[in-house]
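S.K.: Okay, predicted coordinates and the sequence, questions at the end:
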Amino acid sequence: MRVALFTETFLPKVDGIVTVLILLMDHLIKRGVEFVVVAPRLSDGLTEYRGQKVIGVPGVRLPLYPELRVGPPTLHTYREVKQFQPDIAHFIHPTLVGTGGLMMAKRLNIPTLASFHLDLAHLMQYFGLGFLEPVMWWYTRTNFNAADYALAPSRRVQQEMIEHGVKQVGLWRRGVNADQFHPRYASPDMRRRLSAGHPEDTILLYVGRLSSEKQIHGIRPVLERLPGTRLAIVGDGPARADLEKEFAGTRTTFMGYLRNEELWSAFASADIFVFPSAMETFGLVLVEAMSAGLPVVTSRVGGAEDVVTPGVNGYLFNVGDVRGMIDGVRAIMSEPSKRRVMGRNARIFAETQTWPSMMDELITCYDDLISGRRPSI
């Protein structure tokens, strides 16, 4: 089996989409599946990944999202993809690279699969361009219906795609590396760093991009209403300067980007994961936090309702419901034994959500499409 992967974002950028793509590529290599990646060409971008070719597409920086470069594939791109002779093309949320890639795949007469990773229509609201939301849903629907099959990351997104007219939508669930995101990485030193030298306090943790749609500012009332709480924010992004002003004078530590063992240790060394985001396709960090043994308090976005059982491994609240977030954190803090029990429950659930099984389901989906069968996921 030979797979052409088309993506709108790639290394060295690190985000949820790239994380899933890396896990997919590593799994394909493990299973002996050859692939080529078609991605925007960055100044320090890769030309290969673990021996597999990366075809760079020229582009320009996106004004509203400067970490990204955008641009359509070229005739040279098509020739390189054709030379690879793929059996199937998988589009990681087709937008510009993917739209051109879909046309290439049709010309090559190979089956196509599109997976949903970014709610572009909803994102327009946070760029002050809400009037474009219907246009973006039209564009999303057109691209996903151009593929032979579509995959959603959660039941909520799957239903939303169907309601907006995407015709064939399966479910490609998200997983976690439970060996990396593990309670054993808890560290007294990391706990001191997260708490700015006050490890005895209850440490609330946020991990992710610092941007307006994540609604991170909504955590401030939790700190104000619940004595003995501290917040550690891991990540970076365009809203960092505004957030540093918003949280000035509060018990908050900005950690910046953390990777590998430092990141795993940050998860394991905190007490409660708080996630107030207004939009997610899944929310991979939720399962990562649970795998590290943290109960989670999260808005009802993406796959949150697929993984959180209220009162068992966390609590849910409606987007923008600060009171609900405060109540969730307070309930977990009410007694140390409850926090420990919910943390263990979170870990037990996460252990059932492993990446290898999720990726094997995807490879089976590839095989079904190549063989002309309706996919089983």
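M.R.: Thanks, I have it.

S.K.: check which helix or strand covers residue 364.
M.R.: helix 355-370 (DSSP states H and E).

S.K.: Packing partners of that helix?
M.R.: helix 16-30, strand 88-92, strand 112-115, strand 149-152 (3 or more C-beta pairs under 8 Å, 6 or more residues apart in numbering; DSSP states H and E). For every residue, glycine as well, the C-beta is placed using N, CA and C.

S.K.: Kindly export that helix (C-alpha atoms) in CSV.
M.R.: Extracted C-alpha coordinates of helix 355-370, given in CSV (Å, rounded to 0.1, in the frame of the first residue of the first chain):
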residue,chain,number,x,y,z
TRP,A,355,-3.2,5.2,19.2
PRO,A,356,-2.2,1.9,17.6
SER,A,357,-5.8,0.6,17.6
MET,A,358,-7.0,4.0,16.2
MET,A,359,-4.4,4.0,13.5
ASP,A,360,-5.0,0.4,12.5
GLU,A,361,-8.7,1.3,12.0
LEU,A,362,-7.5,4.0,9.6
ILE,A,363,-5.3,1.6,7.6
THR,A,364,-8.3,-0.7,7.3
CYS,A,365,-10.3,2.2,6.0
TYR,A,366,-7.5,2.8,3.4
ASP,A,367,-7.7,-0.9,2.4
ASP,A,368,-11.5,-0.7,2.1
LEU,A,369,-11.5,2.3,-0.2
ILE,A,370,-8.7,0.8,-2.4
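
S.K.: Report the buried residues of that helix.
M.R.: Applying a neighbour-count criterion of 16 or more other C-beta atoms under 10 Å, one finds 355, 358-359, 361-363, 365-366, 368-369 buried in helix 355-370.

S.K.: Equivalent analysis for stretch 260-275, please.
M.R.: 263-275.

S.K.: Find me the pLDDT at the residue nearest to residue 292 when sequence neighbours are not counted, would you?
M.R.: In space, and not counting its chain neighbours, residue 292 is closest to residue 267: 3.6 Å by C-beta to C-beta, 6 or more residues apart in numbering. You'll see residue 267 listed with a pLDDT of 98.

S.K.: got it, and residue 11?
M.R.: The model's pLDDT for residue 11 equals 89.

S.K.: Would you check that it makes contact with residue 47?
M.R.: No: checked against C-beta atoms under 8 Å, the pair residue 11 and residue 47 is beyond contact range at 11.1 Å.

S.K.: Name the spans of the stretch 1-150 of the chain whose pLDDT lies under the cut-off.
M.R.: Scanning the stretch 1-150 of the chain for pLDDT under 70 picks out the ranges 42-45, 61-69.

S.K.: where along it do the strands fall?
M.R.: 2-7, 34-40, 48-49, 52-57, 60-62, 65-70, 88-92, 112-115, 149-152 (DSSP state E, counting those that start in this stretch).

S.K.: now, of those, which is deepest in the fold?
M.R.: strand 88-92 (a mean of 27; mean count of other C-beta atoms under 10 Å).

S.K.: Determine the set of other helices and strands touching it.
M.R.: For strand 88-92, the elements it packs on are strand 2-7, helix 16-30, helix 97-108, strand 112-115, helix 355-370, judged by 3+ C-beta pairs under 8 Å, 6+ apart.

S.K.: Quickly list what residue 35 is bridged to.
M.R.: Beta-bridge partners for residue 35, by DSSP bridges, are residue 3.

S.K.: From residue 199, how far out is the residue nearest to residue 5 when sequence neighbours are not counted?
M.R.: Spatial nearest neighbour of residue 5, chain neighbours left out: residue 37 (4.9 Å); criterion: C-beta to C-beta, 6+ apart. Per C-beta to C-beta, to the nearest Å, residue 37 is found 42 Å from residue 199.

S.K.: now residue 104
M.R.: 54 Å.

S.K.: out of these two, which sits in the busier spot?
M.R.: residue 104 (22 against 16; other C-beta atoms under 10 Å).

S.K.: So that one versus residue 375, what's the distance?
M.R.: Here residue 104 is placed at a distance of 22 Å from residue 375 (C-beta to C-beta).

S.K.: Same question for residue 110.
M.R.: 15 Å.

S.K.: one step back: list the contacts for the residue nearest to residue 5?
M.R.: 5, 7, 10, 21, 25, 49, 52-55 (C-beta atoms under 8 Å, 6 or more residues apart in numbering).

S.K.: Tabulate the residues you listed (a markdown table), appending distance to residue 284.
M.R.: A markdown table is the format used below for the contacts of residue 37 (distance: C-beta to C-beta, whole Å):
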| residue | distance to residue 284 |
| --- | --- |
| 5 | 18 |
| 7 | 16 |
| 10 | 17 |
| 21 | 12 |
| 25 | 16 |
| 49 | 20 |
| 52 | 23 |
| 53 | 27 |
| 54 | 23 |
| 55 | 26 |
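
S.K.: Nearest to residue 194 among those?
M.R.: residue 21 (28.6 Å; C-beta to C-beta).

S.K.: was I right about the closest one contacting residue 13?
M.R.: No: using C-beta under 8 Å, residue 21 makes no contact with residue 13, being 10.6 Å away.

S.K.: the more surrounded of the two?
M.R.: residue 21 (23 against 15).

S.K.: Just list the residues touching the more buried one, thanks.
M.R.: Neighbouring residues of residue 21 by C-beta under 8 Å, 6+ apart: 5, 7, 10, 37, 92.
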